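> Generate a structure from the sequence data that follows.
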Amino acid sequence: MLFQLNTEYQPSGDQPQAIEKLVASIKAGNRHQTLLGVTGSGKTFTMANVIARCERPTLIISHNKTLAAQLYSEFKNFFPHNAVEYFVSYYDYYQPEAYIASSDTYIEKDSSINEEIERLRMSTTSALVSRRDVIVIASVSCIYGLGSPQEFIDLRIPIRRGAQLGRNRFLERLVDNIYDRNDYDLKRGTFRVRGDVVDVMPAYLEHGLRVEFFGDEVEAISEFDPTTGEVMRTLDQFDLYPANQYVTSRGKLDPAIAAIKAELEERVAYFEQKGQYLEAQRIRMRTNYDLEMLQEMGFCNGIENYSRHLTGRAPGERPFCLIDFFPKDFLLMIDESHATIPQIGGMSNGDRARKEKPRQLRVSSPLRAR
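Next comes the predicted model:
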């Protein structure tokens, strides 16, 4: 069994009939169905049984973080041996950047990211591209843009004991995957080097990864406690995923930078024709700074503003989101659908309207199309 439902209870009352009808309907290819039940009737337990019977990766969307956290806890208990993940917005605070041309006032973007929620989001995408026994509990924020799932897969680093990898080549791959070197404070998304031993703190795990080299050969792979340094277990292989979901390979970065520059010149010319020279100078200065960061580091603050160019999308085409990380046969369950579905529509339409008709005093994106 792909999913192992861990419970001492058996379906009772109307639950067995509901489970059979739902599973039969899914297998028959019906796309939409609704499960009705009063509070406390066991709808969550019924859905857990449906997941176990259908054995497909599942996305469960809730309309707020509190209910999502409750569902996450329940499904963690139901499926302790499977990948139950939590995907909600990681912003504790967010102030978009703004520019008021009349006074040449620029307000820089400011945000506070919850590091634990960011780790859980990275864990979600890493699990989805590496296994099928995945259940994701998400808020409506899952409809917002992420990087390309194919890029995320292509940039993973396969580490195999006995393989010819090379320490220097491994370090280069880590930098390409937006891991920072820090030999003193090993925190998530960093690595340190001590001779032929490289310690990495994956952005999506709570334990560290130690890779030991003998010449160019991977001699040993182990997981360790980042606090005590104690080795938890040895491994024969490990797939290390990027430290950020917006990672882009160097091969696609160069044409993206060229496209960003072309659009920059177009927007600068637009502002200059209207006599808006402050706006033209501001957009050129900010975008050129971001381009320098992209060329040197492969990443910049606000990289999501350039996602259309980085992923090669046409104007108006939707960005990648969490749903694109799922296989085509996944199950989608919407909790409290009478509240969640209207919220999805409202957030999606509101986001598109904001991008198509930006407010005059707010320049949250340095370019016209995201």
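> What ranges in this protein fall below the confidence cut-off?
99, 101, 355, 357-370 (pLDDT under 70).
> Extract the C-alpha trace of stretch 45-53 and format it as PDB.
Provided in PDB are the C-alpha atoms of stretch 45-53 (Å, rounded to 0.1, in the frame of the first residue of the first chain):
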ATOM      1  CA  PHE A  45     -11.700  10.500   8.600                       C
ATOM      2  CA  THR A  46     -13.800   9.700   5.500                       C
ATOM      3  CA  MET A  47     -11.400  11.600   3.300                       C
ATOM      4  CA  ALA A  48      -8.400   9.900   4.900                       C
ATOM      5  CA  ASN A  49      -9.900   6.600   3.900                       C
ATOM      6  CA  VAL A  50     -10.600   7.800   0.400                       C
ATOM      7  CA  ILE A  51      -6.900   8.900   0.000                       C
ATOM      8  CA  ALA A  52      -5.700   5.500   1.300                       C
ATOM      9  CA  ARG A  53      -8.000   3.600  -1.100                       C
END
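> Which residues does it contact?
1, 3-5, 7, 9, 11, 15, 18-19, 22-23, 26, 35, 37, 58, 60, 74-75, 78-79, 135, 331, 333 (Cβ atoms under 8 Å, 6 or more residues apart in numbering). Placement of C-beta: from N, CA and C, glycine included.
> Take those and keep only those in strands.
Using DSSP state E, the subset of the contacts of stretch 45-53 located in strands is Thr58, Ile60, Ile135, Leu331, Met333.
> I'd like to know how many residues surround Ile257.
18 (other Cβ atoms under 10 Å).
> List the residues that contact it.
Leu291, Leu294, Gln295.
> what does Ser126 give?
Contacts of Ser126 by Cβ under 8 Å, 6+ apart are Tyr204, Tyr241.
> In the lengthiest helix in the chain, which residues are buried?
Assignment by DSSP state H gives helix 250-273 as the longest helix of the chain. Buried positions in helix 250-273, judged by neighbour count with 16 or more other Cβ atoms under 10 Å: Lys252, Leu253, Ala256, Ile257, Ala259, Ile260, Glu263, Leu264, Arg267, Val268, Phe271.
> can you check stretch 86-100 too?
Counting neighbours by 16+ other Cβ under 10 Å, stretch 86-100 gives Tyr86, Phe87, Val88, Ser89, Tyr90, Glu97, Tyr99 as buried.
> ditto for stretch 174-190
Quick answer for stretch 174-190 (16+ other Cβ under 10 Å): Leu174, Asp176, Asn177, Ile178, Tyr179, Leu186, Arg188, Gly189, Thr190.
> closest to Ala353 among those?
Ile178 (31.9 Å; Cβ to Cβ).
> For the closest one, give its distance to Gly346.
To Gly346, Ile178 is 33 Å away according to Cβ to Cβ, to the nearest Å.
> for Cys54, same thing?
Using Cβ to Cβ, Cys54 is found at 30 Å from Gly346.
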